[in-house]
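Enquirer: Pasting the sequence and the predicted model now:
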Amino acid sequence: EAQVTQNPRYLITVTGKKLTVTCSQNMNHEYMSWYRQDPGLGLRQIYYSMNVEVTDKGDVPEGYKVSRKEKRNFPLILESPSPNQTSLYFCASSLTVSTDTQYFGPGTRLTVL
Amino acid sequence: SQQGEEDPQALSIQEGENATMNCSYKTSINNLQWYRQNSGRGLVHLILIRSNEREKHSGRLRVTLDTSKKSSSLLITASRAADTASYFCATDALGGGGGNKLTFGTGTQLKVEL
């Protein structure tokens, strides 16, 4: 089944404790991205990747890192999480550039205490 | 600021009625997409309309695009309780720094009551 998977689905952590949210797609998509969703603000893009080893900042990249060493994986790293990063995070992928249909993962609900 | 802005923010209708949601955007676009999100879950693509298209249909969905007004509408006909969800438009700007990413609006929350 074609899908985007994220892990973990739920995470409660404390300020400053490094964490990684994994994202994997099995559709051989080139384009992958991370979004955060907050009430009243819609989805805001954090980082995106056009292909392996090619990443770029989205609208709200501060406090986040990403890497794209393999085509299927695009982990989101929070080196020192803070409470303002409490949010619902989505990974998405598409065949090529962002104009193609985006396939979204199920979401990761992160709480930083 | 958001490239896409949906209107209304919330909409409540009875089953069987039609639901219309609007999206306005600021800059010229390559295409506009509509997505649906059930509470707390991932977004699901509904329909894509290109800048040279004016209307598109998919099942009970009808999307229009007016590039002169920089606006789009999503019509759901004969709504069902299962249509209850949030609906988002997403735009991809022409050229420049906006060419590689979609920008989502804040969404319309639709509630269809029995």
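Expert: Arrived safely, thanks for sending.

Enquirer: Spatially nearest residue to residue A:21, not counting backbone neighbours?
Expert: For residue A:21, ignoring the flanking residues on the chain, the nearest one in space by CB to CB, 6 or more residues apart in numbering or on different chains is residue A:76 at 4.6 Å. The way it works is simple: take the backbone N, C-alpha and C, and place the C-beta from them, glycine included.

Enquirer: That neighbour - how many residues pack around it?
Expert: Using other CB atoms under 10 Å in any protein chain shown as the criterion, residue A:76 is surrounded by 22 other residues.

Enquirer: Let me see the contact set for it.
Expert: Neighbour list for residue A:76: A:20, A:21, A:23, A:34, A:46, A:47, A:64, A:65, A:66, A:89, A:91 [criterion: CB atoms under 8 Å, 6 or more residues apart in numbering or on different chains].

Enquirer: Nearest to chain B, out of those residues: which one, please.
Expert: Closest approach between these and chain B, by CB to the nearest CB: residue A:91, at 8.8 Å.

Enquirer: Can you name the residues that contact that closest one?
Expert: Residue A:91 neighbours (CB under 8 Å, 6+ apart): A:4, A:6, A:21, A:23, A:25, A:32-35, A:74, A:76, A:104-105.

Enquirer: Can you lay out those as JSON lines showing pLDDT and secondary structure?
Expert: Listed next are the contacts of residue A:91 as JSON lines, based on pLDDT from 0 to 100; DSSP: H, G, I helix; E, B strand; the rest coil:
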{"residue": "A:4", "pLDDT": "97", "secondary structure": "strand"}
{"residue": "A:6", "pLDDT": "97", "secondary structure": "strand"}
{"residue": "A:21", "pLDDT": "98", "secondary structure": "strand"}
{"residue": "A:23", "pLDDT": "98", "secondary structure": "strand"}
{"residue": "A:25", "pLDDT": "97", "secondary structure": "strand"}
{"residue": "A:32", "pLDDT": "95", "secondary structure": "strand"}
{"residue": "A:33", "pLDDT": "94", "secondary structure": "strand"}
{"residue": "A:34", "pLDDT": "96", "secondary structure": "strand"}
{"residue": "A:35", "pLDDT": "95", "secondary structure": "strand"}
{"residue": "A:74", "pLDDT": "98", "secondary structure": "coil"}
{"residue": "A:76", "pLDDT": "98", "secondary structure": "strand"}
{"residue": "A:104", "pLDDT": "95", "secondary structure": "strand"}
{"residue": "A:105", "pLDDT": "96", "secondary structure": "coil"}
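
Enquirer: is it possible to export those residues to a markdown table including distance to residue A:55?
Expert: A markdown table is the format used below for these (distance: CB to CB, whole Å):
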| residue | distance to residue A:55 |
| --- | --- |
| A:4 | 17 |
| A:6 | 18 |
| A:21 | 15 |
| A:23 | 13 |
| A:25 | 15 |
| A:32 | 9 |
| A:33 | 10 |
| A:34 | 10 |
| A:35 | 15 |
| A:74 | 8 |
| A:76 | 11 |
| A:104 | 19 |
| A:105 | 17 |
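
Enquirer: Can you say which of the residues you listed are buried?
Expert: A:4, A:6, A:21, A:23, A:25, A:32-35, A:74, A:76, A:104-105 (16 or more other CB atoms under 10 Å in any protein chain shown).
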